[in-house]
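Q: Provided below are the primary sequence and the corresponding predicted coordinates.
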Amino acid sequence: MTTAQSPTPERIAADRAHCDIDISTERFWRQPFAAREEAFAALRARPGITWHAPLDVPFPHEEKGFWAVTRHADIAHVSTHHDLFCSGQGIGLGPIPVEFEQMMSFFLAMDPPEHTTYRRIIGAAFTPKQVRKVDEVIAANARDIVDAVVGAGEFDFVERVAALLPMHTVSDMVGVPRSERDAVTEAAGSIIGADLDTSEEAITRMFENIQYLHSMGADLAEHRRKHPADDLMTSIVQAEVDGQRLTNEQIGAFMILLSTAGNDTTKQTSAHVIKALADHPDQKAWLTEDFDGRIKQSIEEFVRYATPVMDFARHATRDTVIGDQPIAQGEKVAIFYCSGNRDETVFAEPDRFDLTRWPNPHQGFGGGGIHYCLGHFVAKIQLRCLFSELLTKLPDLEVGEPVYLSSNFVNGITSLPVRA
């Protein structure tokens, strides 16, 4: 006589039917944002959460699929329960080689207590004095960047404005030599802003750029250990929590994170917003009427509307539930901020660009919890400084039609023609 055994999570996942709304294919992610949002709206309208096939990648893997978490409340639940949904087993929507994720993500792909320690060390480097210096650097860079395009005629807003401010900010903060800044900008852009190209050549190029940025950060850290200065990199190498400091290798990983996540998020928000302001002159007029009094509130709508980072993943640490849906230990759970920020139960007319929207509990910096974006205050400073300069010095900027990035991670614009 044999005894019946409960099916393993792997067996359950293999037998479970995938959702009929397919969000796993390259074809889906090459659609415009509005078309993808129709699919996410349909998923939000269904009870529970849905199971989907793993994304196609050009290398072998053992993933069976992922749960799509599309409602605002469910995203917040996953984000704020790191004991149930961990980051250390991978944060990418698609299967990612472990060496890529470890080098690219730093503490984004860590769990407590390791994550707590490293986040506190990085946070300790941002002293009030350093924050003031960051603000001053950003204001000066924004002024110089906008001054350079006043009267320039036609130009690409992404290339000449949106991409420059965050990369200059990162470079100034950590001391990237001016001779290396173009290379750093190109490397960072090729990693996080890459189109849906999964060829061997593209992956090799991406890995080379990851290694370049890692080496750059480690070299800058070593230089500041030997030659300390009054700058953020010195604060980073000297920051200490419970007797622990970052190694050069860890600072190299942090450099990748700064150059990619810290760069592309603000870059893409800026590009989406300049287009939205052109398309909604009433909103532009409202903001311009009292910029200083209204920009703080407006930035929250900037980030909600753009949602530059569309998703992250977690893995269940034990058998649990989301709503009434059982989730087996080890299963991947994808949290779609791009859907949560359009949740009609939270945001009235969610597709509308509305700077007066308040409160605005968007998930553009994450759904809360321990992984809430550490650099959100730097992003907000950049947006405030940049749009102060743009609306003052280029109030009649003509904005053309954007070319959008095809990506399953970044809601991006690759180019945007404008006329000053």
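A: In hand now; what should we look at?
Q: Now do the end-to-end distance for stretch 390-410.
A: End-to-end span of stretch 390-410 (C-alpha to C-alpha, to the nearest Å): 24 Å.
Q: pLDDT (mean, whole number) over that stretch?
A: Mean per-residue pLDDT for stretch 390-410: 96.
Q: buried stuff in that stretch?
A: Residues 390-391, 394, 397, 399, 402, 404-405, 407-410 are the ones in stretch 390-410 that count as buried (16 or more other C-beta atoms under 10 Å). All C-beta spots, glycine's among them, are computed from the backbone N, C-alpha and C.
Q: which among the residues you listed gets closest to Ser270?
A: Leu390 (8.8 Å; C-beta to C-beta).
Q: Tell me the secondary structure at that closest one.
A: Secondary structure assignment for Leu390 (DSSP: H, G, I helix; E, B strand; the rest coil): helix.
Q: what sits against Arg30?
A: 196, 406 (C-beta atoms under 8 Å, 6 or more residues apart in numbering).
Q: May I have the phi/psi pair for the nearest residue to Thr266 once chain neighbours are set aside?
A: Once flanking residues are discounted, Thr266 sits nearest to Pro166: 4.2 Å by C-beta to C-beta, 6 or more residues apart in numbering. Its backbone dihedrals place Pro166 at phi -60, psi -30, with angles given as degrees, to the nearest 10.
Q: looking at it, Pro166 is touching Thr260, isn't it?
A: No - with contact defined as C-beta atoms under 8 Å, Pro166 does not count as touching Thr260 (10.3 Å).
Q: neighbour-wise, which of those two wins?
A: Legend: neighbour count by other C-beta atoms under 10 Å for Pro166 and Thr260, higher for Pro166 (30 against 24).
Q: and that one, what is it in contact with?
A: Shown in contact with Pro166 (C-beta under 8 Å, 6+ apart): 262-267, 382.
Q: for the stretch 1-150 of the chain, what are the low-confidence residue spans?
A: The stretch 1-150 of the chain contains residues with pLDDT under 70 at 1-15, 97-100, 102.
Q: Do a quick rundown of the strands in the stretch 301-420 of the chain.
A: With strands called from DSSP state E, counting those that start in this stretch, the stretch 301-420 of the chain shows them at 311-316, 320-322, 325-327, 332-336, 398-399, 403-404, 413-415, 417-419.
Q: got the contact list for the helix or strand hosting Arg36?
A: Element membership for Arg36, per DSSP states H and E: helix 33-45. By C-beta under 8 Å, 6+ apart, the residues outside helix 33-45 that reach it are 19, 21, 23, 28-29, 50, 68, 70-71, 336, 338-339, 342-344, 351, 404, 411.
Q: Just the buried residues of the residues you listed.
A: 19, 23, 29, 50, 68, 70-71, 336, 338-339, 342-343, 404, 411.
Q: and which of those is nearest Val137?
A: Asn411 (26.8 Å).
Q: Please name the residues that touch the closest one.
A: 33, 268, 272, 306-310, 338, 405.
Q: between those, which is nearest Ile191?
A: Looking across the contacts of Asn411 and measuring by C-beta to C-beta, the closest to Ile191 is Leu405, at 12.8 Å.
Q: for the stretch 151-300 of the chain, which spans come out with low pLDDT?
A: Those would be 193-194, 198, if you go by pLDDT under 70 across the stretch 151-300 of the chain.
Q: can you give me the helices in it?
A: Here the stretch 151-300 of the chain has its helices, by DSSP state H, counting those that start in this stretch, at 157, 164-174, 181-192, 200-226, 232-238, 248-279, 281-289, 291-306.
Q: Which among these is found nearest to Ala124?
A: From these, taking C-beta to C-beta, the stretch that ends up closest is helix 232-238, at 8.0 Å.
Q: Next, find the distance separating the closest residue to Ser215 other than its chain neighbours from Trp286.
A: Once flanking residues are discounted, Ser215 sits nearest to Gly252: 6.6 Å by C-beta to C-beta, 6+ apart. Counting by C-beta to C-beta, to the nearest Å, the separation of Gly252 from Trp286 is 44 Å.
Q: who has more neighbours, those two?
A: Each of Gly252 and Trp286 has its neighbours counted (other C-beta under 10 Å); Gly252 has more, 24 against 15.
Q: Distance of that one relative to Leu220?
A: Applying C-beta to C-beta to Gly252 and Leu220 gives a distance of 9 Å.
Q: Please apply the same query to Ile203.
A: If you measure Ile203 against Leu220 using C-beta to C-beta, the figure is 26 Å.
Q: more crowded one of those two?
A: With neighbours defined as other C-beta under 10 Å, Ile203 and Leu220 compare such that Leu220 has more, 23 against 17.
Q: so what's the more buried one up against?
A: 174-176, 233, 251, 255.
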